[in-house]
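**Q** sharing a model prediction with you, sequence too.
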Amino acid sequence: MSTASHPQMLPIAFDDLKRHEKYFLLVSTVLPRPIAIVSTLNDNGTDNLASFSYFNVVSSDPPCLMISVSAKRTGKKDTLINIEREKEFVIHVGSAEQKDLIHLTGEDLPYGQSEREKIGLTLSPSTWIKTPRVSEFPVAYECVLEKIVEIGNSHVVFGRILGGHIREDLKVGDEWKVDGTLLNPLARMEPGYGSIVDL
Ligand SMILES: Cc1cc2nc3c(=O)[nH]c(=O)nc-3n(C[C@H](O)[C@H](O)[C@H](O)COP(=O)(O)O)c2cc1C
């Protein structure tokens, strides 16, 4: 066995933690987390917009993304209700310069009211699905629902990408690489930024 000295470590029994303590610990150690801005269709035909930092790529072939939607005190979030019904959604990636307006998408408006409209963003029609995309974001992926996996009070939503839209100046060469410096994507790097309304 090595005799080298190691840093003192604090053991953490997760069963003993309060719900918000587990949240604080995980969101301040699993970093960075990219941010998905997700548009869905409400049942009255208006659009809904919300952000998710429990977001990543799960497969590039077939191209699949995931977001994890936690429950709110009153039940399911509008994004999940809409995805369960419509079986489709658009995932956008925003630039760090759009941080303030992306934060505003976390507001819990009553069902049927559009966060996008309140913030002043505009819509463009999608090409492969009914749900429109938001014109101002530099990356948009049109997704159909692949499956939903329930884990505790969260629903992990997997979406298969049918097609996408990338701001023209971001494309590098002929193989769909994107200039990351220009995109400057927004990610959660530090605890404290963003919404913790669902603790
Ligand atoms: C930057 C950011 C990241 C967020 N990440 C998540 C997340 O990963 N999962 C989640 O359930 N809510 C997350 N939220 C909170 C939701 O966006 C918020 O609950 C929103 O009101 C849900 O909207 P909806 O009811 O229209 O779906 C995040 C909010 C912000 C601003």
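**A** Okay, I see it.

**Q** which residues of this structure fall in strands?
**A** 33-34, 36-41, 47-52, 55-60, 63-70, 88-93, 123-124, 133-134, 139-151, 154-166, 171-172, 177-178, 187-188 (DSSP state E).

**Q** make JSON lines from the ones you listed and add mean neighbour count, mean pLDDT and distance to residue 16 to it.
**A** For every residue, glycine as well, the C-beta is placed using N, CA and C. Below are these laid out as JSON lines (neighbours: other CB atoms under 10 Å; pLDDT from 0 to 100; distance: least, CB to CB, whole Å):
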{"stretch": "strand 33-34", "mean neighbour count": "16", "mean pLDDT": "89", "distance to residue 16": "25"}
{"stretch": "strand 36-41", "mean neighbour count": "25", "mean pLDDT": "96", "distance to residue 16": "32"}
{"stretch": "strand 47-52", "mean neighbour count": "24", "mean pLDDT": "95", "distance to residue 16": "28"}
{"stretch": "strand 55-60", "mean neighbour count": "13", "mean pLDDT": "97", "distance to residue 16": "29"}
{"stretch": "strand 63-70", "mean neighbour count": "19", "mean pLDDT": "98", "distance to residue 16": "21"}
{"stretch": "strand 88-93", "mean neighbour count": "25", "mean pLDDT": "97", "distance to residue 16": "36"}
{"stretch": "strand 123-124", "mean neighbour count": "16", "mean pLDDT": "96", "distance to residue 16": "47"}
{"stretch": "strand 133-134", "mean neighbour count": "22", "mean pLDDT": "98", "distance to residue 16": "42"}
{"stretch": "strand 139-151", "mean neighbour count": "17", "mean pLDDT": "98", "distance to residue 16": "20"}
{"stretch": "strand 154-166", "mean neighbour count": "18", "mean pLDDT": "98", "distance to residue 16": "21"}
{"stretch": "strand 171-172", "mean neighbour count": "13", "mean pLDDT": "96", "distance to residue 16": "49"}
{"stretch": "strand 177-178", "mean neighbour count": "13", "mean pLDDT": "94", "distance to residue 16": "44"}
{"stretch": "strand 187-188", "mean neighbour count": "17", "mean pLDDT": "76", "distance to residue 16": "26"}
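
**Q** among these, which comes closest to residue 112?
**A** Closest to residue 112 of the strands of the chain, according to CB to CB: strand 47-52, at 8.3 Å.

**Q** let me have the strands of the chain in CSV, extended by distance to the ligand.
**A** Shown next, in CSV, are the strands of the chain (distance: least, CB to the nearest ligand atom, whole Å):
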stretch, distance to the ligand
strand 33-34, 8
strand 36-41, 8
strand 47-52, 3
strand 55-60, 6
strand 63-70, 4
strand 88-93, 10
strand 123-124, 16
strand 133-134, 14
strand 139-151, 12
strand 154-166, 7
strand 171-172, 26
strand 177-178, 21
strand 187-188, 6
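
**Q** any chance of these in CSV, with distance to residue 105 too?
**A** Shown next, in CSV, are those (distance: least, CB to CB, whole Å):
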stretch, distance to residue 105
strand 33-34, 15
strand 36-41, 6
strand 47-52, 5
strand 55-60, 13
strand 63-70, 13
strand 88-93, 10
strand 123-124, 14
strand 133-134, 9
strand 139-151, 14
strand 154-166, 17
strand 171-172, 26
strand 177-178, 22
strand 187-188, 14
